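Peer 1: Pasted the sequence and its predicted model underneath.
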Amino acid sequence: MKYCATLILGILCLTNIGMAQNGNEAKQLSEPVATGENYEVYGSEFPDDAQFFAPEYLVENSNVFKGQEVVTKGTIKQVCQKKGCFFMLSAGDKDIRITFKDYKFFIPTDAAGAQVQLKGVFKVKPLTEDQAKHYAEDAGENPDKIEMAEKEYNLVANSVKIFDL
């Protein structure tokens, strides 16, 4: 009887260890629509003849680009750690939150630091403190450090090309 109890307890411990380790692994909930030697494309095909605008330029001229489809590139600063449903693109001293059109695709959660090119609609919208805390929590940060609400620069992407994943 002692042997059975020890065996069952051992199996439960191993199962919990395995589940805890799986929780720390990168997640990839969407398959790429195209791949190359050093890139993967998520969403729809990426245009070959794109005219790029720097993220900083989009933010500085947000009144011009608001509601317009744009193409930009940069470095992925941070990725939602729950499922890769958004990422942050640095735009100088600001960030642009990148979300995905109709919530139809996601990027790998370990894509932070990768170079990216993306196409989508640029938006500027208000951001409440509650939303900012929710986003911080999803990104794996401490939401209690968020204190103020402000506007958010957002790009709803329909194509994301990530290099050297």
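Peer 2: That came through, no problem.
Peer 1: what does stretch 135-146 contact?
Peer 2: Stretch 135-146 is contacted from outside by 78-82, 85-86, 88, 97, 129, 132-134, using CB atoms under 8 Å, 6 or more residues apart in numbering. Using the backbone N, CA and C atoms, a C-beta is placed for each residue, glycine as well.
Peer 1: most neighbours, which of those?
Peer 2: Counting neighbours by other CB atoms under 10 Å, the top entry in the contacts of stretch 135-146 is Val79, with 27 neighbours.
Peer 1: show me the contacts for the most centrally placed residue in the chain.
Peer 2: Centroid-nearest residue in the chain: Phe87, 2.6 Å away (criterion: CA atoms, centre = their mean). Residues near Phe87 by CB under 8 Å, 6+ apart: Ile76, Lys77, Gln78, Val79, Cys80, Arg97, Ile98, Ile107, Ala111, Ala112, Val116.
Peer 1: measure Glu45 to Phe52 for me?
Peer 2: Glu45 is 17 Å from Phe52, where distance means CB to CB, to the nearest Å.
Peer 1: Also Lys101?
Peer 2: Distance from Lys101 to Phe52, by CB to CB: 19 Å.
Peer 1: swap in Asn63?
Peer 2: Going from Asn63 to Phe52 by CB to CB gives 20 Å.
Peer 1: and if you look at Asp138?
Peer 2: Separation of Asp138 from Phe52 (CB to CB) stands at 28 Å.
Peer 1: Name the residue in the two with the higher neighbour count.
Peer 2: The neighbour comparison of Asp138 against Phe52 (other CB under 10 Å) goes to Asp138, with 17 against 14.
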